[in-house]
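1. Using only what follows, build the 3D model:
(chains A, B, C and D)
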Protein chains: 2
Amino acid sequence: MPDRARRIPEATVARLPVYLRSLAELLDEKESTVSSERLAEMAGVNAAKVRKDLSYLGSYGTRGVGYDVEYLLFQMSRELGLTHDWPVVIMGAGNLGQALANYGGFTERGFPVAALIDADPDKVGRQYHGVQVHHVDELPRLAEEKGIAIGIIATPASAAQAVADQLLEAGIRSILNFAPAVITVPPEASLRKVDLALELQILSFYQQHAPDPAR
Amino acid sequence: MPDRARRIPEATVARLPVYLRSLAELLDEKESTVSSERLAEMAGVNAAKVRKDLSYLGSYGTRGVGYDVEYLLFQMSRELGLTHDWPVVIMGAGNLGQALANYGGFTERGFPVAALIDADPDKVGRQYHGVQVHHVDELPRLAEEKGIAIGIIATPASAAQAVADQLLEAGIRSILNFAPAVITVPPEASLRKVDLALELQILSFYQQHAPDPAR
DNA sequence: ACGACTTTGTGAACGTGTGCACTAGCGGGG
DNA sequence: CCCCGCTAGTGCACACGTTCACAAAGTCGT
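-> As a prediction, this is how the structure comes out:
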C-alpha cells in the first residue's frame, strides 16, 4: 500500500456498495464504460458526488470517456474487501435469527452464515436452513476455526450488550446490531445498526408532519 | 398548530425514536425525571446534542432538575405521531415478506401489518402469521379501507421501483424499502431504506482497513 | 431570604459533507 | 496534426450537523 494518506470519508464509504451494485448491473448489460452522470443516475445521487467519491479510490477514470466498468468494479471490490468471502455468525436463533439464516441474500453476496449461536440448550444442535446452532461457549473456537470476522446480533434488546461483549471477547470486531437497543463498543471495533421499528417511527414523523394530512 | 416555524433537522428526527425508547425504559424503572446527561448516556450520544435535540420540541426541561420522564415521553410520542397505530402493508410475500409479517415487533410498536401483497396467484388468499395475502389490484381499496399510510417493499430488486409506484398510486407516501435497489419517489413522499448486504459491505470495508488485520 | 449548586437552553466555533463551476486532459474527426 | 467536444478531477463556497462553553433559571438547605 503506497500512500494511505487519503482517508475515505464515512459518507463515501456508505455509498460505495451502491456504486458497486450499479456497476454489477452495467456489467450484466455488457456496458464497457460508464460516465459519472450515468452512474449518478443509477445510484440516485449527484454526478459531482460520484466523481469525488471515486477520486478517493484513485484516478480510475478517463477524461472524455468515463470509467471502465470492469476495472472500476474490480478496484472497488478490492477496496471494500469483497475479493473473498466473509463468514458471519448470527447471535440468537429466535424469530429474527432464523429468518436471517434463511435469507439467502447473505451467502449470495459473499457473507455465508457460518453458525448460529443461542443460549437455549433446546435449540443447540438443531439446524435452520442448514446452519447449525451452537452454544455461546463455542463462539471463540468457531470464530477461530471458521475465520469469522463479522457478528450479527439478533437477540432481544435485553441481551444485546452482553452478546456484543461476547463477540468482542471472541475477537470479532465488526458487529451488525438488529436488536432495538443502544450498544457500545470500543473504538477499534465497528458497529452498524438496523432497527426496523425506528425506521417506521421516522416515517411516522414525516407522515404526521406532511403538508397535506392525506389520511 | 401555533408556530411550526422551527423545522426539526433530519438528524434530530432520526434520534428521537432512540430517546423515546430510553424514556420508556426509564418509565419502567419508575424514574420520574432524567437529566440530559443520563439520557445521553442511554442513547449513546453527547449531552449537548440531547439538549439541542429536545429544544426543537419545545422547552420541556426544568433547569436544575432535568426532564419529566412521563411528560417528555408524551410530548415526543405526539411529535412522532405515535399516539395512534399506523397500519402497514408489506409488498411481496416471499421469504423476506413472510419473515417481516411473522416478526411481532411491528405490531407491538404500533405498526400492525394490515395486509401482504403479492403478484403470484398461488399466494393470494393464503395467510402468513394471520396476515392475508392479497393481489396487487386490491391495494388501493385496502389502503383506503384500512387506512394504510406506510408501505414496506420486500420484493426482489427488479420489482422494487414498480411496486413503489403502485404504493404511491394507492396514496401511500411513506415507504420503507428492503429491496437492494435504488428507487426514486417524488419529493412529497418519504423513503427510507434498509439494505442488509450493504451494511455488511460497509463493515467489510472497515475490517479490510483495520489497523491490525486480525485475520 | 439568600447563596450555593445543579442543569437547561443556546450562541458561536468548528468540522464534515455537498454541489457548483471551472480546469485538465483524452479521444475522434477532418 | 490539430481542433473540437466530452468527461474526469478538484478548488471553493455553502449548508448542515456537532460540540463547547456559558448565561439563565430553577432547586435546596440554612
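
2. Tell me, what's the model's pLDDT at the residue of chain A found nearest DNA strand C?
-> Nearest to DNA strand C in chain A, going by C-beta to the nearest atom of the strand, is A:G64, at a distance of 2.8 Å. In short, each C-beta sits where N, CA and C put it, glycine included. Note on A:G64: pLDDT of 96.

3. Backbone dihedrals for it, please?
-> phi 90, psi -10 (degrees, to the nearest 10).

4. give me the number of residues near it?
-> A:G64 has 6 neighbouring residues, counting by other C-beta atoms under 10 Å in any protein chain shown.

5. which other residues reach the lowest-mean-pLDDT helix or strand in chain A?
-> One helix or strand of chain A scores below all others by mean pLDDT, DSSP states H and E: helix A:105-108, with a mean of 88. Contacts to helix A:105-108, defined as C-beta atoms under 8 Å, 6 or more residues apart in numbering or on different chains, come from residues A:V88, A:L100, A:P112, A:V113, B:P180, B:L196, B:A197, B:L200.

6. and with 7 Å instead?
-> Contacts to helix A:105-108, defined as C-beta atoms under 7 Å, 6 or more residues apart in numbering or on different chains, come from residues A:V88, A:P112, A:V113, B:L196, B:A197.

7. Next SSE downstream of whichever helix in chain A runs longest?
-> In chain A, taking DSSP state H as the definition, the longest helix is helix A:10-28. Using DSSP states H and E, the helix or strand that follows helix A:10-28 in sequence is strand A:33-34.

8. can that following strand be found next to DNA strand C?
-> No: contact of strand A:33-34 with DNA strand C (C-beta under 7 Å from any atom of the strand) is absent, the minimum separation being 10.0 Å.

9. Closest one to DNA strand D out of the contacts of helix A:105-108, please.
-> For the contacts of helix A:105-108, the nearest to DNA strand D is B:L196 (23.3 Å; C-beta to the nearest atom of the strand).

10. so how far is B:R21 from the residue nearest to A:A197 when sequence neighbours are not counted?
-> Nearest non-adjacent residue to A:A197, counting by C-beta to C-beta, 6 or more residues apart in numbering or on different chains: B:R109, 4.4 Å away. Using C-beta to C-beta, to the nearest Å, we find B:R109 at a distance of 10 Å from B:R21.

11. Ok, A:I8 next?
-> Taken as C-beta to C-beta, the span from A:I8 to B:R21 is 32 Å.

12. Could you check which of those two has the larger neighbour count?
-> The neighbour comparison of A:I8 against B:R21 (other C-beta under 10 Å) goes to B:R21, with 21 against 15.

13. Run a quick neighbour tally on the residue nearest to A:A197.
-> So B:R109, with other C-beta under 10 Å, has 19 neighbours.

14. returning to what we had before: let me see the contact set for the residue of chain A closest to DNA strand C.
-> Counted by C-beta under 7 Å, 6+ apart, A:G64 has zero contacts.

15. and if you look at the one 4 residues further on?
-> By C-beta under 7 Å, 6+ apart, the contact list for A:D68 reads A:S32, A:T33.

16. Show me what it is bridged to.
-> In this structure, A:D68 bridges to A:T33 when assessed by DSSP bridges.

17. coming back round to it: can you select the buried ones among the contacts of helix A:105-108 for me in PyMOL?
-> Of these, the buried ones can be selected in PyMOL as follows, counting by 16 or more other C-beta atoms under 10 Å in any protein chain shown:
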select buried, (chain A and resi 88+113) or (chain B and resi 196+197)
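
18. Export the contacts of helix A:105-108 as JSON lines, with columns for distance to B:A154, secondary structure and pLDDT.
-> Output for the contacts of helix A:105-108, formatted as JSON lines (distance: C-beta to C-beta, whole Å; DSSP: H, G, I helix; E, B strand; the rest coil; pLDDT from 0 to 100):
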{"residue": "A:V88", "distance to B:A154": "21", "secondary structure": "strand", "pLDDT": "98"}
{"residue": "A:P112", "distance to B:A154": "22", "secondary structure": "coil", "pLDDT": "97"}
{"residue": "A:V113", "distance to B:A154": "20", "secondary structure": "strand", "pLDDT": "97"}
{"residue": "B:L196", "distance to B:A154": "12", "secondary structure": "helix", "pLDDT": "95"}
{"residue": "B:A197", "distance to B:A154": "14", "secondary structure": "helix", "pLDDT": "96"}
